[in-house]
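> sequence? don't have it. structure:
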């Protein structure tokens, strides 16, 4: 990867061979007067102009048409700028040839050109999720796209092109009758056994046969508030998660049963994320499920997992009820040193916020935290510090599943507002959507959401994938604070550093972030981690626990720059944010 404007950063202090125990974080009250928050949609100006096709626009006859697609922010050509992949779907009985997904190349200033066909990404069909990472540690991030009807793994050739290696890698042929009915959902890359190679976990929504699917209004599972709508997921067989072990030779082995992922039985799985929830240095797996208990697989360090969702408090809501879980986000929102979970749900239900008490038990604090004010139909979700005060805020993309609600008497709309909740720093969130600028004033039929800095100014943009509409790209143009971006490169660990834990100490307080796999809804945000610093003028210390357990510490670091840290090296690089 080329970074010509990086320079050596002094201050490396030590390499620790023990694992990192995070804790003792100090709570610091935020500023009394919050910074002005303002977002504008720059998608059209930046070249994101293709419509994301997925099922009927005015009517949807089958549940297959409802889920939509996600996106990935990643630097596929190693030029230092975040590119965008948006998964594209299709329609029933298309009258014109379906279009492939979009791969938008970033020119380095946040302007994009679709190069998907040139890059070899030509597959069409019912695409769902996408995730990216360097599966073979060759310095070029690879791409996995899940589908209804068989998944596709693209190897990055390093010359601007990708090669479909699905069959050769052992991920299926995509042509068998069983695969044609297999409905994959969210995906994530994860080095679950810490051997330095990224493995693959894929969720599954339903076992679905389009040819035999019931029609709207044909049964009790095909009605909603008096409207005849598509049927499901009640009455349909849920799916099973799949875990593929990376063999290190370009092939993968399905170890789902051996690893214990099948023991929990069938669930309607959607969003997938991997992160270390109990601070033991090993990545766990969380899967948001639709009207079935959500799943938390605890890594047992021996190649197997134990499903503990119910006992950990993340399978149901605080009332013990099932939810229609869609997307999932992970962050330490209150600074206690443990990663918390936020989850979007169906309309009429508040989003979930599961506070991680001690790595073993979570508490659903969504109502106390102030997330019950809006009960929209949520999809993509992410934590990001929009006002750079050091406390991660929450953004949620929303949109109904039934176009038929428009013009009906149910009191809901198909297009719904995107929500922005500001973290007050005291465990509560404030709905600032109405004051967040024109980017948040537009109602959308949203699905996937990913965040990342596409123009190099140090402030992540928010990418939103919309059903049968063009995407949105929300740029933060509000008042600025100071910030730091941290970019990691693994050497003995996986090169993408998925699973690494970063601790930034500044102003007497610790801020943690993890390079997670997957997340949001069918989407993956940039792997670069962003830390708001408010008015602080320096960072006192950066500590990185790499996925293989090695811990490195760097000393004093400046602000408003991206710091690039390579595993095992004392030197660090930096480049200043570009004013845009």
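Perfect, I can see it now. What you are looking at is a predicted structure, and each value in this text was computed from that prediction instead of being measured.
> nearest residue to residue 105 in space, please, no chain neighbours.
Of all residues beyond its chain neighbours, the one nearest residue 105 is residue 115 (4.7 Å), with distances taken as CB to CB, 6 or more residues apart in numbering. All C-beta atoms are positioned from the backbone trio N, CA, C, and that covers glycine.
> so that neighbour sits right up against residue 103, yeah?
Yes - Residue 115 lies in contact with residue 103 (CB atoms under 8 Å); the separation is 5.5 Å.
> any idea how far residue 526 is from residue 292?
For residue 292, the distance to residue 526 equals 31 Å [CB to CB, to the nearest Å].
> same thing with residue 301?
Relative to residue 526, and taking CB to CB, residue 301 is found at 29 Å.
> what do you get for residue 287?
Residue 287 is 22 Å from residue 526, by CB to CB.
> looking at the two, which one has more neighbours?
residue 287 (30 against 23; other CB atoms under 10 Å).
> which SS state does the more buried one fall under?
strand (DSSP: H, G, I helix; E, B strand; the rest coil).
> was I right about it contacting residue 272?
Yes - taking CB under 8 Å as the contact criterion, residue 287 and residue 272 are neighbours in contact, 5.2 Å apart.
> hey, what's in contact with both of these two?
186, 203, 241, 328 (CB atoms under 8 Å, 6 or more residues apart in numbering).
> between these, which is nearest residue 266?
residue 241 (9.8 Å; CB to CB).
> burial of the closest one, as a residue count?
A count of nearby residues for residue 241, using other CB under 10 Å, gives 26.
> and the gap between the closest residue to it other than its chain neighbours and residue 183?
Nearest residue to residue 241, sequence neighbours excluded (CB to CB, 6+ apart): residue 261, at 4.8 Å. Look at residue 261 and residue 183: by CB to CB, they are 17 Å apart.
> and what of residue 460?
Here the criterion is CB to CB. By it, residue 460 lies 31 Å from residue 183.
> swap in residue 112?
30 Å.
> those two - which one has more neighbours?
Set residue 112 next to residue 183 and count neighbours by other CB under 10 Å: residue 183 wins out with 26 against 22.
> where does this structure dip in pLDDT?
Scanning the chain for pLDDT under 70 picks out 1-33, 173-180.
> one more pass at 80, please.
By pLDDT under 80, the low-scoring segments of the chain are 1-35, 173-181.
> which element is residue 131 on?
Assigned by DSSP states H and E, residue 131 belongs to strand 126-133.
> what helices or strands is that strand leaning on?
In terms of contacts (3 or more CB pairs under 8 Å, 6 or more residues apart in numbering; DSSP states H and E), strand 126-133 is packed against strand 71-74, strand 142-148, strand 182-190, strand 517-518.
> in a markdown table: the ones you listed, plus distance to residue 82.
Formatted as a markdown table, the helices and strands packed on strand 126-133 follow (distance: least, CB to CB, whole Å):
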| stretch | distance to residue 82 |
| --- | --- |
| strand 71-74 | 5 |
| strand 142-148 | 14 |
| strand 182-190 | 17 |
| strand 517-518 | 17 |
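> deepest of those, which one?
Sort those by mean neighbour count, taking mean count of other CB atoms under 10 Å, and strand 517-518 sits at the top with a mean of 32.
> most distant residue from the middle of this protein?
What lies farthest from the middle of the chain is residue 218; by CA atoms, centre = their mean that is 35.5 Å.
> quick check: that one touching residue 231?
Yes - using CB under 8 Å, residue 218 is in contact with residue 231, at 6.7 Å.
> closest to the centroid, which residue in this protein?
residue 519 (2.7 Å).
> the nearest residue to residue 99 once chain neighbours are set aside: helix or strand, and which one exactly?
In this structure, residue 99 finds its nearest non-sequential neighbour in residue 88, 5.9 Å apart by CB to CB, 6+ apart. Using DSSP H and E, residue 88 sits in no helix or strand.
> tally of neighbours for residue 159?
Using other CB under 10 Å, residue 159 is surrounded by 9 other residues.
> that one and residue 580, how far apart?
Distance of residue 159 to residue 580, computed by CB to CB: 30 Å.
> same question for residue 274.
Relative to residue 580, and taking CB to CB, residue 274 is found at 32 Å.
> before we move on, back to that, so what's the residue nearest to the centre of the chain up against?
By CB under 8 Å, 6+ apart, the contact list for residue 519 reads 188, 271-273, 327-330, 382, 525.
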